[in-house]
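S.K.: mind looking at a prediction? Sequence and model below.
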Amino acid sequence: AQARPASPKGTTGPPGRLGSISVSTPALEIRDLVVSYGDRQVVRNLTLDAHAGAITAVLGPNGAGKTTTIECAEGLRTPNSGSITVLGHAAGSPAARARVGVMLQDSGLPMARSAQDVLNLACAMRSNPVPTDELLTTFGLQDARRTPVRRLSGGQRQRLAFAVAIASRPAVVFLDEPSAGLDPHARRDVWSVVRSLRDAGTAVVLTTHLIDEAEALADQVHLLVDGAVIASGTPRELVAQFAGDDTVRLVLARPLTALELADLSTAVAPTHVEVDGEALILRGDASPSFIARLARWCADHEVAILTLRAGGGTLELAYLALTERATTARIAREASE
């Protein structure tokens, strides 16, 4: 799993206790979940867990069933079959709702009320809430406390929705795209709060399209395609199994020309070179001698190396490999039917 840095000073987390629920028992248990819209099955016998004191990422392309699955776990949608328990209680029951925090991508915040009013209301609905001033400080909203929600920036609304989700000190919190629309500094601050929740014993269930976010935060990843879990594991386990160990990911100060790419392939001799946005992916060797040849080539061609990651792929590469494999299998299956 990922290293757990100390919680930053001033961040807010729930109490480090889970009532009668053992930390060895999953805080969220989904078993054989099936959801259909009409005659179309969008979640197919899905089973997954999320544990206290861990960040569980649920990933997948659009239409994979992520949102439907999480809405069932939040008690917002009723499945056709299967079971979901949250802290030992049925999902959506009063006992489960009392200990769950939810951050939806479409937050539904009241546009005419101020940020402080929204948090005051969220806190007034709970018996032991985080103080409003503490939430405003944690999420950098002190200067916007009297600003109506409709006049907040997209990033400020996102942080306010996150603050509402944890105002009740939940034992389980569902976060849907928590850093969407945030600048890099605000994004890092949000990541710190997510980690502090985990370190305080909360079960954090994260859905995101930002694979680097999942790689940086998640202790456990479940990848969904076509309504089913096709792979589960820590980010490192998924990378090792599906992205290969003999990979170098390189970001240079400028793009290479076609002639330079051909020369690089000949001079450095990886088995495969591909362009991935601003990065070059070189597969087949990650040995010290290979890295030395690569560095010499860049020096000879006066191309500065901005970042270099050797000895393994990334969660994004594993994600792409797995989703492409699953899509190919589905197309082949449909063609044979």
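M.R.: Yep, it's here.
S.K.: how much space separates the residue nearest to Leu294 when sequence neighbours are not counted from Cys298?
M.R.: Leaving aside its chain neighbours, Leu294 sits nearest to Val268 (5.3 Å; criterion: CB to CB, 6 or more residues apart in numbering). No exception for glycine: its C-beta is placed from N, CA and C like everyone else's. In this view, Val268 and Cys298 are 10 Å apart by CB to CB, to the nearest Å.
S.K.: also His89?
M.R.: Relative to Cys298, His89 is positioned 57 Å away (CB to CB).
S.K.: what about the helices in this structure?
M.R.: Taking DSSP state H, the helices of the chain run over residues 66-74, 94-97, 115-124, 132-138, 154-166, 184-199, 211-217, 235-242, 258-268, 288-300, 315-336.
S.K.: pull the contacting residues for Pro129.
M.R.: Taking CB atoms under 8 Å, 6 or more residues apart in numbering, we find Pro129 in contact with Ala122, Cys123, Ala167, Ser168, Arg169.
S.K.: make JSON lines out of those residues and add neighbour count.
M.R.: Putting these into JSON lines (neighbours: other CB atoms under 10 Å) gives the following:
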{"residue": "Ala122", "neighbour count": "21"}
{"residue": "Cys123", "neighbour count": "19"}
{"residue": "Ala167", "neighbour count": "25"}
{"residue": "Ser168", "neighbour count": "22"}
{"residue": "Arg169", "neighbour count": "20"}
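S.K.: make CSV from these and add distance to Tyr37 and pLDDT to it.
M.R.: As requested, these are exported to CSV (distance: CB to CB, whole Å; pLDDT from 0 to 100):
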residue, distance to Tyr37, pLDDT
Ala122, 32, 94
Cys123, 37, 94
Ala167, 33, 96
Ser168, 31, 94
Arg169, 35, 96
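S.K.: returning to what we had before: wait, the residue nearest to Leu294 touches Ala292, no?
M.R.: No. Counting by CB atoms under 8 Å, Val268 does not reach Ala292; the two are 9.9 Å apart.
S.K.: more crowded one of the two?
M.R.: Comparing Val268 with Ala292 by neighbour count (other CB atoms under 10 Å), the higher total belongs to Val268, at 20 against 11.
S.K.: quick one: contacts for the more buried one?
M.R.: For Val268, the contact set (CB under 8 Å, 6+ apart) comprises Leu282, Phe290, Arg293, Leu294, Trp297.
S.K.: could I have the buried ones of those as PyMOL selection syntax?
M.R.: Burial among those is assessed by 16 or more other CB atoms under 10 Å; the matching PyMOL selection reads:
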select buried, resi 282+290+293+294+297
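S.K.: can I get the contacts of Val268 in a markdown table with distance to Arg330 and pLDDT?
M.R.: Below are those laid out as a markdown table (distance: CB to CB, whole Å; pLDDT from 0 to 100):
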| residue | distance to Arg330 | pLDDT |
| --- | --- | --- |
| Leu282 | 30 | 88 |
| Phe290 | 36 | 90 |
| Arg293 | 41 | 92 |
| Leu294 | 38 | 93 |
| Trp297 | 41 | 95 |
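S.K.: fine by me, we can end here.
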